[in-house]
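Asks: whatever this is, show me its structure:
(4 chains)
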Number of protein chains: 2
Amino acid sequence: MAVSLALNGRPGVSDELRAAALSLAEELGYRPNYAARALRTERTSMMGIINRNLHNPAFLNVIEGFDDECAAHGYQVMIGSSRLDLAHELALIEAFAARELEGLAIAPLETEAARKTWRRKSERPIAILNAFAARNDPNVLSVRSDAVTAVRLAVEHLRELGHRRIALLTGTVKERSDSDRDSEFIAAMGRDSLTPHMIACGWDAAHARAAISAALAAPRAQRPTAIIANSDHLAHAAYLAAQDNGLVVPHDLSVIGHDDVETSQILGPPLTTFRTDRYAIGRLSARLLIDIAEGREPDDRHIEVPVELIVRGSTGPARRD
Amino acid sequence: MAVSLALNGRPGVSDELRAAALSLAEELGYRPNYAARALRTERTSMMGIINRNLHNPAFLNVIEGFDDECAAHGYQVMIGSSRLDLAHELALIEAFAARELEGLAIAPLETEAARKTWRRKSERPIAILNAFAARNDPNVLSVRSDAVTAVRLAVEHLRELGHRRIALLTGTVKERSDSDRDSEFIAAMGRDSLTPHMIACGWDAAHARAAISAALAAPRAQRPTAIIANSDHLAHAAYLAAQDNGLVVPHDLSVIGHDDVETSQILGPPLTTFRTDRYAIGRLSARLLIDIAEGREPDDRHIEVPVELIVRGSTGPARRD
DNA sequence: TTGTAAGCGTTATCAC
DNA sequence: GTGATAACGCTTACAA
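Replies: As a prediction, this is how the structure comes out:
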């Protein structure tokens, strides 16, 4: 018993006994059994992170930050992918909850469905990544880049270049995970009395390419001259969709991304995009979950990470019609 | 206990009792406690995967395949990053072993160190990803793309374009994780009586960029006119290093990657590279680990995934000196 | 086929 | 500050 206290560095045991326990443990190569500990304490020291799919390289930096912060606090990280399938996402959330993970960070397909499923099996905190999160459940946290500001800056940038027919890529229409971003776009366009185009392209690059291709196939006087993507990953789909239609970026189509992924600066042409600290997003979400899991009150349960517009070669002046 | 047998779908219990147990479990919303099960059975249904760092987007596809195969067999996936730090890598391996993960897939910094550390704490299988693995330990598996053929094809392609000063990017010099790839390069160059250049650039993109920059800063008659990278990720570093030296790809420098990452086709210029089924690499490595973990004998403990050269705009004729 | 009892390795409770 | 003893929830061994 005293051994347990000693090894876990807790008070209630004499210094000599503690030393003896430690040295003996070392000598015998003792390793604690996590399963037994978990069974007894109901604490697994595991955190989970789930993304919609595993194709967007921007997610790697989020994982990295998440893993770093978890590792620093003695947690290990379980990873999962929704595979863009809501049923699979919910099954995965249940499985993670059944494993008694102490917290879950998730970029959800449908925020409310994800939250409810987690809540049904677990009282533990859940952090919503890069999506709008309602604030009624106190153990729902959120960390996201400031997508609302980004969309405003993007519209301003394109307006200065003379664009009038601007399209915004959005997630699914069914549930707007970025509802406030969408409405900011509509408002920003409205200020200049322009019609907002929305292209619901989901998160799959192939599907997005097809959706954008279809939009670009419209007659020249109607098709958008600029596209605002919700990630560099989907901006790449816009490049390919432009190719599909024999259009040249930025001559025929301006494209703005979001993330400033490593390759974006060496694309042809280099991508205008928003730089945002994805590592911090991962790290902060882990920090929030750990704070709650260990009974501390975090400074703020909802965090927005700032964005910075990086202008490169994929945006240019609108051609005269 | 009959209930245990019933819920786990094993024989030795009457149909009616089984049905009763199942329906009652359903009604009560029963969920098995994984910790208790793991404690009793010494089986955790968890698999681990570790990469050298979390920056190369090619790794995402490997994770995806790994996760898909694991999920299909009821395993969940723990992820980790070595952070390019050997001490951290070994600590992580120990932590995974202490958690009784049933198998580990790893792209190691140093293969032998990783293998030994795992073996010290665990009898379970370990799969080496994309690195050379000695075949003396029967529970060491390996899955890799056919990097040896790739380097031969790359040299042939560049020789046809008239290149004579060709450099190969390699991992660390200390331990050649790709020793057979390196020697194939030396042999292939030797066949044409050419001097092989090796640039030891490790796996960090920033470090690689600096190393390549230094090599390209040599006088024009000495510097390499072509670079063979071990990943698209590091080929990108070569693009930036070319920029650093005011060189234009492919006019002044040809670059060949490895992986055919999604963005490679829209780089400026599009990257000549080797396509390889990374999803399969992840999937097959999971399959091998699961087979061994469950006592089946896999068809082959060492798998090579074929490569296909995709010629694009980053390779061109060597300039006359 | 069913029931009973033991035990996995921890940590918590409660005497001393 | 220390040492017994019980308990977490599951599976296995063995007896009925």
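Asks: what about the strands in the stretch 201-321 of chain A?
Replies: Counting by DSSP state E, counting those that start in this stretch, the stretch 201-321 of chain A has strands at residues A:226-228, A:254-256, A:273-276, A:302-305, A:307-310.
Asks: can you give me the buried ones in the helix or strand that A:Ala187 is a member of?
Replies: Taking DSSP states H and E as the definition, A:Ala187 sits inside helix A:179-191. Residues A:Arg181, A:Asp182, A:Glu184, A:Phe185, A:Ala188, A:Met189 are the ones in helix A:179-191 that count as buried (16 or more other C-beta atoms under 10 Å in any protein chain shown). In short, each C-beta sits where N, CA and C put it, glycine included.
Asks: ditto for stretch A:117-127
Replies: For stretch A:117-127, by 16+ other C-beta under 10 Å, it's A:Thr117, A:Trp118, A:Arg119, A:Lys121, A:Ser122, A:Arg124, A:Pro125, A:Ile126, A:Ala127.
Asks: so for it, mean pLDDT?
Replies: In this model, stretch A:117-127 has a mean pLDDT of 94.
Asks: does that stretch reach DNA strand D?
Replies: No. Judged by C-beta under 7 Å from any atom of the strand, stretch A:117-127 makes no contact with DNA strand D; its nearest approach is 13.2 Å.
Asks: run a quick neighbour tally on the closest residue to chain B within chain A.
Replies: Nearest residue of chain A to chain B: A:Gly268, at 2.5 Å (C-beta to the nearest C-beta). By other C-beta atoms under 10 Å in any protein chain shown, 16 other residues sit near A:Gly268.
Asks: now do the contacts for it.
Replies: Residues in contact with A:Gly268 (C-beta atoms under 8 Å, 6 or more residues apart in numbering or on different chains) are B:Ile266, B:Leu267, B:Gly268, B:Pro269, B:Pro270.
Asks: is it true that the second one touches A:Pro269?
Replies: When you say that, I think you mean B:Leu267. No. Assessed by C-beta atoms under 8 Å, B:Leu267 is found out of contact with A:Pro269, at 10.5 Å.
Asks: show me which of these two is the more surrounded one.
Replies: Using other C-beta under 10 Å as the criterion, B:Leu267 and A:Pro269 rank with B:Leu267 on top: 25 against 18.
Asks: give the contact list for the more buried one.
Replies: Contacts of B:Leu267 (C-beta under 8 Å, 6+ apart): A:Thr263, A:Ile266, A:Leu267, A:Gly268, B:His236, B:Tyr239, B:Ser314.
Asks: and the second one, how many neighbours?
Replies: By other C-beta under 10 Å, 22 other residues sit near A:Ile266.
Asks: take the strands of the stretch 201-321 of chain A and lay them out in JSON lines including distance to B:Glu94 and mean pLDDT.
Replies: Shown next, in JSON lines, are those (distance: least, C-beta to C-beta, whole Å; pLDDT from 0 to 100):
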{"stretch": "strand A:226-228", "distance to B:Glu94": "47", "mean pLDDT": "98"}
{"stretch": "strand A:254-256", "distance to B:Glu94": "45", "mean pLDDT": "98"}
{"stretch": "strand A:273-276", "distance to B:Glu94": "35", "mean pLDDT": "98"}
{"stretch": "strand A:302-305", "distance to B:Glu94": "33", "mean pLDDT": "97"}
{"stretch": "strand A:307-310", "distance to B:Glu94": "39", "mean pLDDT": "98"}
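Asks: please identify the deepest-packed of those.
Replies: Among the strands of the stretch 201-321 of chain A, strand A:226-228 has the highest mean neighbour count (mean count of other C-beta atoms under 10 Å in any protein chain shown), at a mean of 30.
Asks: contacts only, for A:Leu7.
Replies: A:Leu7 makes contact with A:Ala21, A:Leu22, A:Ala25, A:Tyr30, A:Pro32, according to C-beta under 8 Å, 6+ apart.
Asks: same check, this time on A:Glu100
Replies: A:Glu100 sits next to A:Ala38, A:Glu42, A:Arg43, A:Thr44, A:Met46, A:Ser122, B:Tyr34, B:Ala35 when contact means C-beta under 8 Å, 6+ apart.
Asks: mind listing what's buried in the strand or helix carrying the first one?
Replies: Spelled out, that is A:Ala38. Following DSSP H and E, one finds A:Ala38 within helix A:34-41. For helix A:34-41, a neighbour-count test (16+ other C-beta under 10 Å) marks A:Tyr34, A:Ala35, A:Arg37, A:Ala38, A:Leu39 as buried.
Asks: for stretch A:94-107, same thing?
Replies: Residues of stretch A:94-107 classed as buried by neighbour count (16+ other C-beta under 10 Å): A:94-97, A:99-107.
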